[in-house]
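Okay, sequence plus prediction incoming.
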Amino acid sequence: MKILIITFLILFTSVRAFGQKDSGYTVLAISQGISMPAITTPVNWGHGFTYNNSAVARNYDGALLSVEYDQNENAKGYGAELGVGTGNVGLGIGYYKNDCDNCDGRVGAIAGFGMGRDSSFGIGYREEKTYSAGLLFGLGSSGQLGIAVDFRDNEDKNLKTYSYGIGYAYSSNSFKFAIDASKQEDGDSSTDNSLIMLTPGLMVDGGVVRLGISFDTYLNDKNETHEDKAWFGIGFGNNSKWNLNIYKDYSAEYSAALTFWF
């Protein structure tokens, strides 16, 4: 089943051979946010072994404010993000907190810089001691490449975790397609360091309404501890003024983000 879904998404992209110049990001999250990151919630939310590609901060043009809510079966979370930039240099800051006893809030920040006309570089930090870096190549064309790297220093467990990701995205005037892969390595003997998470994702843009579907599949899952699963998103609004995104099984079981541009 998962092979059929992946094959369909790739074929759908290839037969729509026409392309147009693209901004390098999406407003509705798809895949793992490595090759086509969502500019609406890049600091607090993510999907995969890496965070969203920090290079997306380069695309902040003016100011952007997002308020976020997510919910699992036994927990709720709240967050907010603010992004400011010139369209070539940008900075995003975020705060997120789970609504639970003895849970501390988490602060994060990303910064992005343009490197010529068709590439950008970004760095990020999230509490506690999680550092990230990302690159995007091919901006302004129909196809682009993304690379993301994360490092977490968990002093409480004396454990260092490294995450890597790479992906390719294709854009047309009515849809965006991305396929990202990531893996994670650490010194814990119980961790399967050969596990790779692969996620193709497709977003169809109808103007005021956008629909997205992504499918997580796991390669080299020797212990069969991960379940292949599709997740979904729907977005409403004017991309230059406001936008409401609602997700199923993205950052949590249910999540929503309301974004305003200034």
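Received it, and whenever you're ready, just let me know what you need. All values reported here derive from a predicted model rather than from experimental measurement.

Can you tell me the strand partners of whichever strand or helix holds residue 244 and which way each runs?
Here residue 244 is covered by strand 242-248, with elements defined by DSSP states H and E. Each strand that strand 242-248 pairs with, and the sense of that pairing, follows from DSSP bridges: strand 229-236 (antiparallel), strand 254-261 (antiparallel).

how about the helices in this protein?
Taking DSSP state H as the test, the helices found in the chain are 2-15.

pLDDT weak spots in the protein?
In the predicted model of the chain, residues 1-23, 155-157, 187-193 satisfy pLDDT under 70.

Which parts of it are strands?
With DSSP state E, the ranges of strands along the chain come out as 61-71, 76-86, 89-98, 106-114, 119-126, 130-137, 143-154, 159-171, 175-186, 196-205, 209-219, 229-236, 242-248, 254-261.

Is it possible to get a markdown table of those that adds mean neighbour count?
No exception for glycine: its C-beta is placed from N, CA and C like everyone else's. A markdown table is the format used below for those (neighbours: other Cβ atoms under 10 Å):
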| stretch | mean neighbour count |
| --- | --- |
| strand 61-71 | 18 |
| strand 76-86 | 19 |
| strand 89-98 | 19 |
| strand 106-114 | 21 |
| strand 119-126 | 21 |
| strand 130-137 | 21 |
| strand 143-154 | 20 |
| strand 159-171 | 21 |
| strand 175-186 | 23 |
| strand 196-205 | 22 |
| strand 209-219 | 19 |
| strand 229-236 | 18 |
| strand 242-248 | 18 |
| strand 254-261 | 19 |
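
what's next to stretch 211-225, contact-wise?
Counting by Cβ atoms under 8 Å, 6 or more residues apart in numbering, the neighbours of stretch 211-225 from elsewhere in the structure are 2, 5-6, 9, 28-31, 47, 192, 194-204, 226, 228-235.

and that stretch, how far out from the chain's middle?
Offset of stretch 211-225 from its chain centre (Cα atoms, centre = their mean, to the nearest Å): 16 Å.

repeat for stretch 46-58
Distance of stretch 46-58 from its chain centroid, counting by Cα atoms, centre = their mean, is 5 Å.

How far does that stretch stretch from one end to the other?
Counting by Cα to Cα, to the nearest Å, the length from the leading to the trailing residue of stretch 46-58 is 18 Å.

burial measure for the nearest residue to residue 25 once chain neighbours are set aside, as a count.
Counting by Cβ to Cβ, 6 or more residues apart in numbering, the nearest residue to residue 25 once its immediate chain neighbours are dropped is residue 39, at 4.4 Å. Here the neighbour count serves as a burial measure; for residue 39 (other Cβ atoms under 10 Å) it reads 28.

ok, residue 39 - contacts?
With contacts defined as Cβ under 8 Å, 6+ apart, the neighbours of residue 39 are 25, 26, 27, 56, 59, 60, 64, 83.

quick one on the thing from earlier: and the strands of the chain as CSV, adding distance to residue 43?
Below are the strands of the chain laid out as CSV (distance: least, Cβ to Cβ, whole Å):
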stretch, distance to residue 43
strand 61-71, 9
strand 76-86, 5
strand 89-98, 3
strand 106-114, 5
strand 119-126, 7
strand 130-137, 10
strand 143-154, 13
strand 159-171, 16
strand 175-186, 18
strand 196-205, 20
strand 209-219, 20
strand 229-236, 18
strand 242-248, 15
strand 254-261, 11
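
any idea which residue sits dead centre in this protein?
Geometric centre of the chain, nearest residue: residue 33, 2.7 Å, by Cα atoms, centre = their mean.
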